[in-house]
Every structure is written in C-alpha cells, then in structure tokens.
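K.L.:
have a look at this fold, sequence not included:
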C-alpha cells in the first residue's frame, strides 16, 4: 500500500498542465453525452404518457434509469481502472463502445409502439450513456493536476449545458419547421422522433471527437499495472473489490453522499414531473393525447434549455467564486438558490414567468456537475479514480430509486395527483442538501 501511495503521489506530481484546447478536446464528448441525457430527461415522461402511462406511475417507469446506473457505473469504473491499450488508452474504449450502443438506443426509443417497449429501451439507453459518461469523470482526475481539476470539470459542465440547450429545444425547432407535434393513433409525435434521430448522430460524432483527439497518460509503472490487472481479472477478486469499496470511502466522499442524496431527489422529481405539472397547472390539461399536452411538452423543453444554458455560462464563473471563498460555500449557495427556484414553480401560472426559476435551477445545475466532483477528486487515490467515481454515483442513483418508489405514492396520497406540488417538495430537498454541504471537508481548502 505504501508503494502504491508513492506511485499515486508521483502520478499527481508529474501531470503536465494542459492548454485550453486540450481541455476542450478531452471534454467535447460530453456535448454528445448530454445531448442524449437531455433528450431523455425532457421527453421520456412525455413518451410514456403518450403511450398510455398513468401520471401516478411515471416515477416507477423511470426506475429503469437509476437501477441501470447502479449496476453499470461501478463496474465500468472498475473495468476502466484496469484497462490499458497503447493506442486506445484506459477510458476511451468505454467512451466509444458506449456511444455506439447509445446511438442505437436513441434510434429505437421514439419508435416504441408500446409502453413496455419504451421502458425496456430506457434501460438500454441509460446503460449505454453511462458506459460512455462514467469514465469521463475519471478522465479529468487521470489527466489533470489538482490545480486544473476544477477547470476540467467546469469545461465538462460547459459542454453539458451547450448540448442540453440544443437537445431540449429540438422538438420546438422541428415544430417551427412544420413537423407534426401531434400524436397520431397513440404514436410518438414526429418532432420527438426526429429529435432522437438527430441526438443519436450528435452523440456519436461528439464522443468520437474526444476519442480521436485526446490522449491518455500511461500508468506510472506499466509492469506493476499489468500484474495488478491480471489479478483484477479474477471474478471473485473483482466482486470483492467492487463491494468492499463502501468500507474504504474517504470521509469527504461519505459527507458528499448525503448531499447528493437530497440533491438528486430534487432533480429526479423535476425530470419526471415538470411536463405533467406544467400541462396541469398552466395549460389546464391532463390528457396526454391532446395538442395542449404536447405543447406543454415543447415548453418544458424550452424551460430545460434555459436552465442548461445558464449552467453553461455559470460553469466558468463558479470557479472564480470558489477561489475567492471555497468550493463548498459556492455549492451550498447554488443549491439554496436552485431549491428555492424549483419550489417557486408551484406559485406560477404563466408559462413566460416559468423561465425565471429555470435561471436559479441552472445555477444549481452548474454547481452540481462541477463542485462535488472537484471536491471529491482531491481525496481519491489516482489508481482507483474510475472505480471511486463510479461508486460515488451510487449516491446519484440511490436517491432516484427512492424517488421512483415513493414519489408516485406521495403525489397521489398527499398532493391529490397535482405533480406541481411534487416539484415544491423537490425544492425543499435541495434546500436540505445546501445545509449539508456546509459540513463537507474539502481537503484543498479546509
């Protein structure tokens, strides 16, 4: 262990400082990844509802996404930690394989002819996107010195915001071009179908850009790495290491786990219920086959584009404030703003005014995608960066599973089916996350 610790210190100390364009190239794949996630987040509930899902059951159908992440992320992280190829590197094979599978799933999703089919494709699509996405988080820790890691995650957040803005607007853009936005005989509107086709192409091209323009640092001791990799191929060893990581989590990771839990309950509520909430509270309909409901779906895409655009801009501002104060103070402040903004949707009955809370949500989203990972990266061993980043995402998917199991019941029994009140509950959860952030230990500043 002492030898490995010295190797980790050596790796951290000798990482070259990257230029702006090198940061750009290594992060550009996230533009495509978030294209896929944004289409999924803004349109999945709309697709489920169009295919006959009851609003109370939407959270249960969404369980496919977090359960897939729970299974895929730590395994992919472990495998990528123990992968090295002279040409493809460590993380890039996973970027590329995930992109191919995600593009296939994104083509299939809007062609689902039954609800069960759409749920099954969501499993496939989310798994594939996670195969590409998870190693990207470790990629920053692999390549960047501690002094550049916040900037690296901020660059990822910038591309996440840009990709999400365009993807979220696609159904509205296609509608303005004369493409039908009305479901015919219960099928998915053509605007949604064409949006997913475009997303599949963008996902593949953007991830390929990073695969073929970015390089990777080889292991500091290649011979030792090969010996450990042979040991890691033993399935029993792999299983024990993956499961044993929970007992070896750094203190900072445990503290951030609680922050992530309440944060992602709020986000999951927003992604599941904003469409039905706006259709009900602003457009006055719960009929998923109506033109008004589909118009509400387009408007939610615009709302999501606003928060994504704000996050892209905020990504480069937040590190400045973090240097002036601390990363955890910035994150707590952003979560507080986002929680209050999300809760305020329940008080708004004008679709134009709905853009205001999306600004606050965008500020929170920028921090959610940047600060926890930047804080965490400094406390992790370099050799197991991918695994621990994958394990950390347990605390992204577990609250989503909890939400999937409970939010439908809470909405039905306590809010009489009015999902806009579920959004207010999500805002309150984000407020709790803001308070918990203040107790996190950030080794770079504390």
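P.N.:
Looks like it came in fine. Keep in mind that what you see is a predicted model, and the values were worked out from it rather than measured.

K.L.:
mind checking what secondary structure residue 288 has?
P.N.:
Following DSSP: H, G, I helix; E, B strand; the rest coil, we place residue 288 in the coil state.

K.L.:
hmm, I typed the wrong one, I wanted residue 337.
P.N.:
Reduced to three states with three-state DSSP, the structure at residue 337 is helix.

K.L.:
that one touches residue 362, doesn't it?
P.N.:
No: under the criterion of CB atoms under 8 Å, residue 337 is not in contact with residue 362, lying 9.6 Å apart. From N, CA and C alone the C-beta is placed, and that goes for glycine too.

K.L.:
helices and strands around whichever helix or strand residue 298 is part of, which ones?
P.N.:
Residue 298 is part of helix 291-314, with elements assigned from DSSP states H and E. For helix 291-314, the contact count by 3 or more CB pairs under 8 Å, 6 or more residues apart in numbering; DSSP states H and E identifies helix 29-50, helix 146-176, helix 251-281, helix 355-377 as packing neighbours.

K.L.:
give the buried residues for that helix.
P.N.:
Residues of helix 291-314 classed as buried by neighbour count (16 or more other CB atoms under 10 Å): 293-312, 314.

K.L.:
and stretch 167-184, by the same measure?
P.N.:
Neighbour counts over stretch 167-184 (16+ other CB under 10 Å) mark 167-175, 179, 181, 183 as buried.

K.L.:
so which of the helices and strands packed on helix 291-314 is nearest residue 16?
P.N.:
Smallest distance to residue 16 across the helices and strands packed on helix 291-314 (CB to CB): 9.9 Å, for helix 146-176.

K.L.:
name the next helix or strand downstream of the closest one, please.
P.N.:
Towards the C-terminus, the helix or strand next in line after helix 146-176, according to DSSP H and E, is helix 190-213.

K.L.:
and that following helix, what other elements does it pack with?
P.N.:
Counting contacts by 3+ CB pairs under 8 Å, 6+ apart, the secondary-structure elements packed against helix 190-213 are helix 20-27, helix 29-50, helix 92-108, helix 146-176.

K.L.:
of these, which stretch is the most buried?
P.N.:
Of all those, helix 29-50 has the most neighbours on average by mean count of other CB atoms under 10 Å, namely a mean of 27.

K.L.:
tell me the helices and strands packed up against that one.
P.N.:
Counting contacts by 3+ CB pairs under 8 Å, 6+ apart, the secondary-structure elements packed against helix 29-50 are helix 58-61, helix 92-108, helix 115-143, helix 146-176, helix 190-213, helix 251-281, helix 291-314.

K.L.:
let's see it at 6 Å
P.N.:
Under the contact definition 3 or more CB pairs under 6 Å, 6 or more residues apart in numbering; DSSP states H and E, helix 29-50 sits against helix 115-143, helix 146-176, helix 190-213, helix 251-281, helix 291-314.

K.L.:
which residues touch that helix?
P.N.:
For helix 29-50, the external contacting residues (CB atoms under 6 Å, 6 or more residues apart in numbering) are 58, 61, 95, 102, 118, 129, 132-133, 156, 159-160, 162-164, 167-168, 183, 188, 192, 196, 199, 202-203, 206-207, 210, 271-272, 275, 288, 297, 301, 304.

K.L.:
what's the offset of that helix from the middle of its chain?
P.N.:
Here the centre of mass of C-alpha atoms in helix 29-50, compared against the chain's by CA atoms, centre = their mean, to the nearest Å, lies 11 Å away.

K.L.:
tell me the angle it makes with helix 146-176.
P.N.:
40 degrees (axes from the mean of the first three to the mean of the last three CA atoms, to 10 degrees).

K.L.:
hang on, the earlier thing: and the next helix or strand past the helix holding residue 298?
P.N.:
The element immediately downstream of helix 291-314 (helix or strand, assigned by DSSP H and E) is helix 318-324.

K.L.:
show me the contact partners of that next one.
P.N.:
150, 154, 330, 366-367.

K.L.:
low-confidence stretches in the stretch 151-300 of the chain?
P.N.:
Within the stretch 151-300 of the chain, the stretches falling below the threshold (pLDDT under 70) are 221, 226-248.

K.L.:
give me that answer again for 90
P.N.:
In the prediction, the stretch 151-300 of the chain carries residues with pLDDT under 90 at positions 151-165, 168, 182-187, 214-254, 284-291, 294, 297.
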